[in-house]
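Chemist: Fold the following for me, if possible:
(3 chains, ligands or ions: 5)
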Amino acid sequence: MLPLFGGDENLSVDMIPVTLNGTKVSAQPGMTILELARENGVDIPTLCYRPELTPIGACRICVVEVEGSRTLVASCHTPVAANMVIHTHSPKVLEARKVIVELLLASHPDVCLVCDKANTCELRKIAADLGVGLPRFRVKKRYHPLEDVSPYVVRDLDKCILCRRCLRACHEIKKADVFAIAYRGFDSKVVVDQDQPLNKSVCRDCDVCISLCPVGALTKREERFKEKKGPPLFIKA
Amino acid sequence: MNDAPRGIEVMHKGEGSLLTLLKEAQRRHGYLPEEVVSELAESLDIPVGEVYGVASFYSLLSTKPLGKNVIRICKCVPCYLKNSQAILETVEGELGIKPGETTKDGKCSLQLTNCIGACDRAPAMTINHKLYVDLTPRKVIKILKRL
Amino acid sequence: MPEQRIVLRNCGVIDPKDISTYLSQGGFKALEKALGELAPEQVIEEIKKSGLLGRGGAGFPTGLKWQFASEASGEEKYVICNADEGEVGTFKDRYILERDPFSLIEAMAIAGYAIGANKGYIYLRAEYHHLLGLLEGAIVQCEGKGFLAKQGNFKFDIEIREGAGAYVCGEETALMDSIEGKRGEARYKPPFPPSQGLWQKPTIINNVETLMNIPPIILKGSDWFNRIGTERSKGTKVFSVSGDVRAPGTYELVMGSSLKELVEDLALAEKVKMVQVGGASGRVIPYHLIDTPLAFEGVLGAGAIIVFNESRDVIDIVRRTMEFFAEESCGKCTPCREGTQVMLEILTRFCHGQGLKQDIENLESLANVMMLTSLCGLGQAAPNSVVDTLAHYRSAYESRVQG
Ligand SMILES: Cc1cc2nc3c(=O)[nH]c(=O)nc-3n(C[C@H](O)[C@H](O)[C@H](O)COP(=O)(O)O)c2cc1C
Ligand code: SF4
Ligand code: SF4
Ligand code: FES
Ligand code: FES
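Modeler: Ligands and ions are numbered 1, 2, ... in the order given. This is a model prediction of the structure:
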């Protein structure tokens, strides 16, 4: 039997001691920093991560500071290690998250007020939480024609933040592989086949991509232009 | 796991990876026509989008028709310091096309490339797979004449 | 003299098309010694003791990398030689491959023996297609002489895989995805390649130049190698010198030699304004710091030395450098995909004398976040030239802010 009280020794043999925002906590081996944080009631924003999908580490919004590391680390795919000292909301971390949101907003169309995602948009929610208003940076906007040939899914890829959730959901959950990522760099795009408008027979009304899209890039045809429920969000000027 | 490793089963230790096969197809057809991409996807049992994703990622693969000779002029800093601009202007003038274009007779396509590892003999360019170094406008005109 | 030939020992000496000329220079004696006299662990111990650090840019201890892979569980393991050499201003690996392909093959075989791999890949950038025949010929000759054939438990097979035009494929995990036939996007780490690399199997990946050091270390011993160079940087480094110099080319110098010696005394540069050490992702060294030692303690990178004379415009150069990254970003992660494009647009404004008041500050905060949060080394290093020129040539930026 392990002693019930005492110092670090009272951790069961396979628990890992970690310091999270100044508090000593214990983690299970193999757990990610994000999982540990959530278990301990610490909220770290995420965009590309979804618990039901394999992580890809693309958006970088979930970065945290780990003492001794040259860079910040993405919490959604970095496993905890013994004696890690983690800061999830240090000034350095918050500044990094702000800049990342501002980068995503910089190339994003300025149509939030008329967007169907309205106040269920995860990007806007994170921006509001971080106190980001108008982005500091200016960059060209992406232009992709609106795709509304499919009877089910309407794709407005100007709004896409390239989190690849739709792609992974379609592959991992629906096993349909309707989407793929094409081109590279700033021109990267989620495509269907050889960059054709989405109108595939396999793509029925399963909705899995739509329900997982964090922004207004994917919407259900019959739900467009309808009122959305959700808590009000504040957009700073 | 990192971004879903699809199609690996098919390719693992197979004769060639998807990338190798795409390069092979480009060698045969001059570029990667839509039907070829579709056929490749079907024969490997990989989603078409996935194949297109690979084809559109690499700068030496092209999903648009290319000329018989693809001229790639290096535009990176070491070549720029050795006046690669003059080489580009000469080729543009001789062929009457801009980077990204192909001559009407389909003989030449002109592209810009990042460093091709010949900076000690800058400015440099490649035509198809052949490397040309220590270029001068006069030399370039001669090379183009021989094409 | 700072020049010493270890890596380039056979370059210009042997005929790269004829293995007998290599054998007469002691070729394959190191592999013979390893197989005959040393256990795999002893080979790794020698490399560790030599202090050899990776020459591909990151400077990771080679022996340690090999140890991780040898300790990783798994029947199948791989050795990869990184011959992608896409860094702007680098051509030393090409120089080596052109002149001494046999040493590389011998080194890969030694690495295979050390970690328990019987398959090796050379990932050759597509732009070096003109070297493919030579390399294949060298492999065939080595096989013909039986050096890679079964000897005890050891057997080694080498395959060449060509890229298709993507700088990011030089990044080790993107390279592995590319060999697997996929888009060359970087994977997150951990897991690191020595535990899960190519096809998720334990894999070591080393730069061409790193591997070239292996046979001499095995033959002459780690003590010999350890005595050359500086405290932290052992051996020599091969440099690719280009730009405003009278004698561009490949130079091999003992670690710790000064940048000044290389640029002015050997490459014959005059009126130097600044030097970019490490290529596009490297550091910008202004002339007043030209005595900086070329070593991991000073500046090094992969050894690309681009020299600029006084007539050159700093911002024009930095803009072109950023254009390179914006074009070569794989596009997977936000800071690099969006950040390189934002920076390119800002720098383009400066080039036209239309910088905005906020731009300098924005460049700084963006650079900081790109370095801290990008998924791979490309995005992390992309802002280096911006950061360094803002530190040393700030007035060049300030003078182009409008209003
Ligand atoms: C964007 C990027 C490009 C790289 N290109 C190369 C390259 O062309 N050749 C190389 O050897 N290493 C390159 N590297 C470094 C490799 O990721 C890796 O560290 C190296 O191959 C390891 O070998 P070494 O330990 O022998 O240096 C690159 C890294 C990054 C981030
Ligand atoms: S469409 Fe939506 S889910 Fe798909 S990548 Fe874009 S933002 Fe992500
Ligand atoms: S840093 Fe750049 S190259 Fe590396 S993963 Fe991110 S987008 Fe791709
Ligand atoms: S949520 Fe972790 S990188 Fe996107
Ligand atoms: S810059 Fe042109 S070959 Fe390197």
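Chemist: Break chain B into its domains for me.
Modeler: B:6-57, B:69-145 (automatic domain parsing).
Chemist: ok now the shortest one, how far from the chain's centre?
Modeler: This means domain B:6-57. Distance of domain B:6-57 from its chain centroid, counting by C-alpha atoms, centre = their mean, to the nearest Å, is 16 Å.
Chemist: for the record, mean pLDDT for it?
Modeler: Taken as a whole, domain B:6-57 has an average pLDDT of 85.
Chemist: ok, back up a step: okay if I get the domains of chain B as a markdown table plus mean neighbour count and distance to chain C?
Modeler: In short, each C-beta sits where N, CA and C put it, glycine included. Formatted as a markdown table, those follow (neighbours: other C-beta atoms under 10 Å in any protein chain shown; distance: least, C-beta to the nearest C-beta, whole Å):
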| stretch | mean neighbour count | distance to chain C |
| --- | --- | --- |
| domain B:6-57 | 18 | 3 |
| domain B:69-145 | 19 | 4 |
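Chemist: Now distance to ligand 5 too, for those domains, in a markdown table please.
Modeler: Formatted as a markdown table, the domains of chain B follow (distance: least, C-beta to the nearest ligand atom, whole Å):
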| stretch | distance to ligand 5 |
| --- | --- |
| domain B:6-57 | 22 |
| domain B:69-145 | 3 |
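Chemist: Dump those domains to TSV, plus distance to residue C:170.
Modeler: Below are those laid out as TSV (distance: least, C-beta to C-beta, whole Å):
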stretch	distance to residue C:170
domain B:6-57	15
domain B:69-145	11
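Chemist: moving C-terminal of the helix or strand where residue C:122 lies, what's the next helix or strand?
Modeler: Using DSSP states H and E, residue C:122 sits within strand C:119-124. Per DSSP H and E, the first helix or strand lying C-terminal to strand C:119-124 is helix C:132-144.
Chemist: I'd like to know which elements the helix or strand that comes right after that following helix is packed against.
Modeler: Next in sequence after helix C:132-144, counting helices and strands by DSSP H and E, comes strand C:157-162. Judged by 3 or more C-beta pairs under 8 Å, 6 or more residues apart in numbering or on different chains; DSSP states H and E, strand C:157-162 is in contact with helix B:18-29, helix C:101-115, strand C:119-124, helix C:132-144.
Chemist: closest to residue B:126 out of the ones you listed?
Modeler: Closest approach to residue B:126 among these (C-beta to C-beta): helix C:132-144, 14.0 Å.
Chemist: tilt between the closest one and helix C:101-115?
Modeler: Going by axes from the mean of the first three to the mean of the last three C-alpha atoms, to 10 degrees, helix C:132-144 is angled at 60 degrees with respect to helix C:101-115.
Chemist: What distance do you get for the spatially most central residue of chain A to residue A:162?
Modeler: For chain A, residue A:47 is the residue whose C-alpha lies nearest the centre (C-alpha atoms, centre = their mean; 0.8 Å). Relative to residue A:162, residue A:47 is positioned 10 Å away (C-beta to C-beta, to the nearest Å).
Chemist: re the thing from before, let me have the helices and strands packed on strand C:157-162 in JSON lines, extended by distance to chain A.
Modeler: As requested, those are arranged in JSON lines below (distance: least, C-beta to the nearest C-beta, whole Å):
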{"stretch": "helix B:18-29", "distance to chain A": "12"}
{"stretch": "helix C:101-115", "distance to chain A": "24"}
{"stretch": "strand C:119-124", "distance to chain A": "18"}
{"stretch": "helix C:132-144", "distance to chain A": "25"}
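Chemist: Pick the most buried one from those.
Modeler: helix C:101-115 (a mean of 27; mean count of other C-beta atoms under 10 Å in any protein chain shown).
Chemist: Report the rounded mean pLDDT for it.
Modeler: On average, the pLDDT along helix C:101-115 is 98.
Chemist: what do you get for stretch B:94-114?
Modeler: 97.
Chemist: what does that stretch contact?
Modeler: When contacts are defined by C-beta atoms under 8 Å, 6 or more residues apart in numbering or on different chains, stretch B:94-114 is touched by residues B:59, B:65-76, B:88, B:91-92, B:125-126, B:140-141, B:144, B:147, C:86, C:88, C:127, C:165, C:167, C:324, C:327-328.
Chemist: Tell me which of those residues fall in helices.
Modeler: B:88, B:91-92, B:140-141, B:144, C:324, C:327-328 (DSSP state H).
Chemist: so which two of those are the farthest from each other?
Modeler: B:141 and C:328 (30.9 Å).
Chemist: Not counting sequence-adjacent ones, nearest residue to the most centrally placed residue in chain B?
Modeler: The residue lying closest to the centre of chain B (C-alpha atoms, centre = their mean) is residue B:60, at 3.1 Å. In this structure, residue B:60 finds its nearest non-sequential neighbour in residue C:165, 3.6 Å apart by C-beta to C-beta, 6 or more residues apart in numbering or on different chains.
Chemist: could you list every residue that touches that neighbour?
Modeler: B:58-61, B:113, C:126-127.
Chemist: Counting neighbours, which of those comes out on top?
Modeler: With neighbours taken as other C-beta atoms under 10 Å in any protein chain shown, the top of those is residue C:127, carrying 28 neighbours.
Chemist: separation between residue A:143 and ligand 1?
Modeler: Between residue A:143 and ligand 1 the computed distance is 28 Å (C-beta to the nearest ligand atom, to the nearest Å).
Chemist: you'd agree that residue is in a strand?
Modeler: No - counting by DSSP: H, G, I helix; E, B strand; the rest coil, residue A:143 is located in no strand; its state is coil.
Chemist: Now do the top helix by length along chain A, average pLDDT.
Modeler: For chain A, the helix reaching the highest residue count under DSSP H is reported as helix A:91-106. For helix A:91-106, mean pLDDT is 98.
Chemist: now stretch B:126-143
Modeler: Mean predicted lDDT for stretch B:126-143 stands at 97.
Chemist: just the CA coordinates of that stretch, formatted as PDB?
Modeler: These are the backbone C-alpha positions of stretch B:126-143, laid out as PDB (Å, rounded to 0.1, in the frame of the first residue of the first chain):
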ATOM      1  CA  THR B 126      17.900  24.600 -65.200                       C
ATOM      2  CA  ILE B 127      16.300  23.500 -68.400                       C
ATOM      3  CA  ASN B 128      14.400  20.300 -67.700                       C
ATOM      4  CA  HIS B 129      17.000  18.500 -65.600                       C
ATOM      5  CA  LYS B 130      20.100  20.100 -67.000                       C
ATOM      6  CA  LEU B 131      21.900  22.700 -65.000                       C
ATOM      7  CA  TYR B 132      23.400  25.900 -66.600                       C
ATOM      8  CA  VAL B 133      25.800  28.000 -64.600                       C
ATOM      9  CA  ASP B 134      27.900  31.200 -64.800                       C
ATOM     10  CA  LEU B 135      25.200  32.600 -67.100                       C
ATOM     11  CA  THR B 136      25.500  35.900 -69.100                       C
ATOM     12  CA  PRO B 137      22.900  37.300 -71.400                       C
ATOM     13  CA  ARG B 138      25.000  36.200 -74.400                       C
ATOM     14  CA  LYS B 139      25.400  32.700 -73.100                       C
ATOM     15  CA  VAL B 140      21.700  32.400 -72.500                       C
ATOM     16  CA  ILE B 141      20.800  33.500 -76.000                       C
ATOM     17  CA  LYS B 142      23.100  30.800 -77.300                       C
ATOM     18  CA  ILE B 143      21.600  28.200 -75.100                       C
END
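Chemist: I'm done for today, thanks for sticking with me.
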